[in-house]
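Engineer: Give me a 3D structure for the following:
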Amino acid sequence: MLDALAYPVSLLMKFWHWLLSLVVPGDSGIAWVGSILLLVVTVRLILLRPMWVQMYSMRKMATLTPEIKRIQKEFKDDRPKQAEEMQRVYNEAQVNPLSGCLPMLVQIPVFLGLYHTLIGFTPHGMSIQEAAAQSNGAFGPEQVSQFHSAQFFGVPLAAYIRMPREQLESLAQGTSTSTVMIMCVTLFLLAGIATWINMRNSMKRQERARAQAKEEEKLIEEAERAGGPVVDGEVVAIDGDSDAADSAKKESEKKEAAKKDEPEVPDFAQALQDSMGQSMKIMMYVFPIFPLVGAFMFNFPIAIGIYFLLNNVWTAVQSHLLLNRLEKLLPTGGAAGLPPSAYM
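Structural biologist: Numbering: from 1, shown residues only. Just a heads-up that it's a prediction; the model follows:
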């Protein structure tokens, strides 16, 4: 299965390596690090549209929260009708609650394919000379040998912390395990920090969206009590018809009294949202340590650390640019006091 994932990834990486080899030596670190960078860029550009749809949908759904809550209350005893009405609202707003899944689902096989490809350059139980005589995915023996020669700040890209001493000596004479460990820990630590920053920013964006939705819901409730509409984020009372205002106020008070007498119905959507928020908080501290754990337990080579770091830096920059554009299309209020990119 991993071979099926690795081949298209290695084919794309081979294309970029071939292109860069026209400018710089094919066995240089620049050619191979550049091919990893261009692999990241290619995948991210393919995912650009789905990522934009995801962010747009999240922002749009925040504005739909009051309407969704109204539907949940109105059809609390009729779940099929409630689901139908909620789907209607989403369709009219042209948003998809599941749109955020695609970017994540696509990146997983890409990473697995890249991991299998890079590990394939130095198979366990095989000498470097034997590995250099074999193909690896779309790479022929010549490219395999060139990868073995490539270095990043004097450390072989194929090296990993637990690499056997004889393999390490074959890659670069005089390179010690401690040197590889320092480079690996530095790269994977930076990659973990970048992962944490990206996840933290994502959580802050969601918190801001929820805060905005709660503020809008609060304004609507105040408008019902005051008997006036909401204009530019403020409740406007009805001055010309005091009887209408009094009538609206009394009607609102009746609704509030009726709510107190009704048995409390669990808000499953809110419960799901809270559960997902809690899961995100846990993942925010678990995912960042995965690269470092992988370096020690799964023999992640130096090249994987470079991929992790470049991917997270690209994600941060791309998210910042997309959020600035999104803020112009769907501006938010300052409910949570966060800037458009949620960088704090």
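
Engineer: Identify all contacting residues around stretch 159-179.
Structural biologist: When contacts are taken as Cβ atoms under 8 Å, 6 or more residues apart in numbering, the neighbours of stretch 159-179 outside the stretch itself are 122, 127-129, 148, 151, 154-156, 158, 180-181, 183-184, 295-296, 299-302. All C-beta atoms are positioned from the backbone trio N, CA, C, and that covers glycine.

Engineer: now the stretch 101-250 of the chain, which segments are flagged as low pLDDT?
Structural biologist: Across the stretch 101-250 of the chain, the stretches falling below the confidence threshold (pLDDT under 70) are 101-102, 209-210, 212-213, 216-217, 219-250.

Engineer: Counting neighbours, which of the contacts of stretch 159-179 end up buried?
Structural biologist: Neighbour counting by 16 or more other Cβ atoms under 10 Å classes 122, 128, 148, 151, 155-156, 158, 180-181, 183-184, 295, 299-302 among the contacts of stretch 159-179 as buried.

Engineer: May I ask which helix or strand encompasses residue 305?
Structural biologist: For residue 305, the element it lies in under DSSP states H and E is helix 302-329.

Engineer: Buried residues, that helix. List them.
Structural biologist: Within helix 302-329, the residues that qualify as buried by neighbour count (16+ other Cβ under 10 Å) are 302-315, 318-319, 322-323, 326.

Engineer: what's the answer for stretch 39-47, then?
Structural biologist: Buried residues in stretch 39-47, defined by neighbour count with 16+ other Cβ under 10 Å: 39-40, 43-44, 47.

Engineer: now what about it, what contacts it?
Structural biologist: Stretch 39-47 is touched from outside by 9, 12-13, 16, 102-103, 106-107, 110, 114, 307, 310-311, 314-315, 318, with contacts defined as Cβ under 8 Å, 6+ apart.

Engineer: Could you identify the most distant pair in the residues you listed?
Structural biologist: The distance between the two most remote of the contacts of stretch 39-47 (Cβ to Cβ) is 23.7 Å, for 16 and 102.

Engineer: Those two: who's more crowded?
Structural biologist: Neighbours were counted for residue 16 and for residue 102 using other Cβ atoms under 10 Å; residue 16 has more, 19 against 16.

Engineer: For residue 32, see how far away the more buried one is.
Structural biologist: Applying Cβ to Cβ, to the nearest Å, the value for residue 16 to residue 32 is 10 Å.

Engineer: Okay, angle between the helix or strand harbouring residue 198 and helix 302-329 too, please.
Structural biologist: Under the criterion DSSP H and E, the helix or strand holding residue 198 is helix 177-226. Using axes from the mean of the first three to the mean of the last three Cα atoms, to 10 degrees, one finds that helix 177-226 and helix 302-329 are set 20 degrees apart in direction.

Engineer: Which helix or strand contains the nearest residue in space to residue 301 that is not next to it in sequence?
Structural biologist: Closest residue to residue 301 in three dimensions, ignoring its sequence neighbours and counting by Cβ to Cβ, 6 or more residues apart in numbering: residue 160, at 4.5 Å. Using DSSP H and E, residue 160 sits in no helix or strand.

Engineer: Please report phi then psi for residue 160.
Structural biologist: Note on residue 160: backbone dihedrals following degrees, to the nearest 10 are phi -140, psi 170.

Engineer: Any idea how many residues pack against it?
Structural biologist: Here the count is done by other Cβ under 10 Å, and residue 160 has 26 residues near it.

Engineer: any idea whether residue 14 is helix, strand or coil?
Structural biologist: Secondary structure of residue 14, reduced to three states by DSSP: H, G, I helix; E, B strand; the rest coil: helix.

Engineer: from now on call the first residue 874
Structural biologist: Right, with 874 as the first residue, what we last looked at is residue 887.

Engineer: Was I right to think it contacts residue 1011?
Structural biologist: Yes - between residue 887 and residue 1011 there is a contact at 4.7 Å, judged by Cβ atoms under 8 Å.

Engineer: quick one, helices of the chain?
Structural biologist: 875-894, 902-919, 921-947, 952-966, 974-993, 1001-1005, 1014-1022, 1038-1044, 1050-1099, 1115-1134, 1141-1159, 1163-1170, 1175-1202 (DSSP state H).
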